[in-house]
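**Q** Let's see this in three dimensions:
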Amino acid sequence: MLINTGYVFSSISLDLGFTLRCGLKTAALRTLRLKLPPLQLVGVIMTTISWDDFEKIEIRVGTVLSAEPFPEARNPAYKLTVDFGPLGIKQTSAQITMRYDPAQLYGRQVLAVTNFGPRKIAGFKSEVLVLGAVPGEGDVVLLNVDEKVENGTRIF
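**A** Okay, the predicted model is just below:
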């Protein structure tokens with residue numbers, strides 16, 4: 001059984017380990033190989049960037065100092081204050097209300113892009129972009145580190 005993961009693979013090898021009997025002929029099938037187009041996300045166009053482009057993105061670890069509802073935002077969101085150590089304390093808004101309550105966020109380490117220019121969101125100055133996986137509409141799972149690290153630690 002193949003499961004649609006949203007990815008297309010360039011080749012697939014399956015070890016079937018059974019015997020196929022067709023009329024009087026018997027053939028032992030051990031491996032079935034399928035040749036498919038190169039890896040791509042189905043329905044999504046991805047732009048390839050260079051390593052130099054990637055190195056320009058500053059993804060850093062920070063600790064949430066405060067979280068409060070942001071009723072002025074167009075979509076449900078919280079205002080977060082995050083400590084990035086030597087980079088200072090930054091504020092941002094995050095649409096993470098489906099999974100998290102403000103009290104759950106205090107002291108939590110998060111990952112954020114820290115070198116975007118500030119952006120005004122409903123009159124609020126957002127200085128960083130907190131990162132999360134989006135498994136469904138309006139649902140965000142925050143990205144974090146497995147173990148506590150110093151605030152401001154860079155992610156590669």
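**Q** how far away is Glu58 from Arg108?
**A** 20 Å (CB to CB, to the nearest Å). Quick note: C-beta positions are derived from backbone N, CA and C, even for glycine.
**Q** quick one: low-confidence ranges for the chain?
**A** 1-43 (pLDDT under 70).
**Q** Let me see the backbone angles for the nearest residue in space to Arg60 that is not next to it in sequence.
**A** The shortest distance from Arg60 to any non-neighbouring residue, by CB to CB, 6 or more residues apart in numbering, is to Thr114 (4.7 Å). Here is the backbone geometry of Thr114 (degrees, to the nearest 10): phi -110, psi 0.
**Q** In this structure Thr114 contacts Lys90, no?
**A** Yes - with contacts counted by CB atoms under 8 Å, Thr114 reaches Lys90, the gap being 7.0 Å.
**Q** Now tell me what touches whatever helix or strand Val82 lives in from outside.
**A** Val82 is located in strand 78-83, with elements delineated by DSSP states H and E. By CB atoms under 8 Å, 6 or more residues apart in numbering, the residues outside strand 78-83 that reach it are 62-70, 89-94, 96-97, 100, 102, 105, 110, 112, 124, 128, 130, 151.
**Q** and those, which are buried?
**A** Neighbour-count burial (16 or more other CB atoms under 10 Å) applied to the contacts of strand 78-83 gives 62-64, 67, 70, 90-94, 96-97, 100, 102, 105, 110, 112, 128, 130, 151.
**Q** end to end, how far does stretch 74-92 reach?
**A** Using CA to CA, to the nearest Å, the end-to-end distance of stretch 74-92 comes out at 15 Å.
**Q** how distant is it from the center of its chain?
**A** Relative to its chain's centre, stretch 74-92 lies at 18 Å (CA atoms, centre = their mean, to the nearest Å).
**Q** what does stretch 53-69 give?
**A** 13 Å.
**Q** The helix or strand where Leu65 lies: partners in the sheet, and parallel or antiparallel?
**A** Following DSSP H and E, one finds Leu65 within strand 59-69. In the sheet, strand 59-69 lines up against strand 78-83 (antiparallel), strand 109-113 (antiparallel), strand 154-155 (antiparallel) (DSSP bridges).
**Q** Perfect, that will be all.
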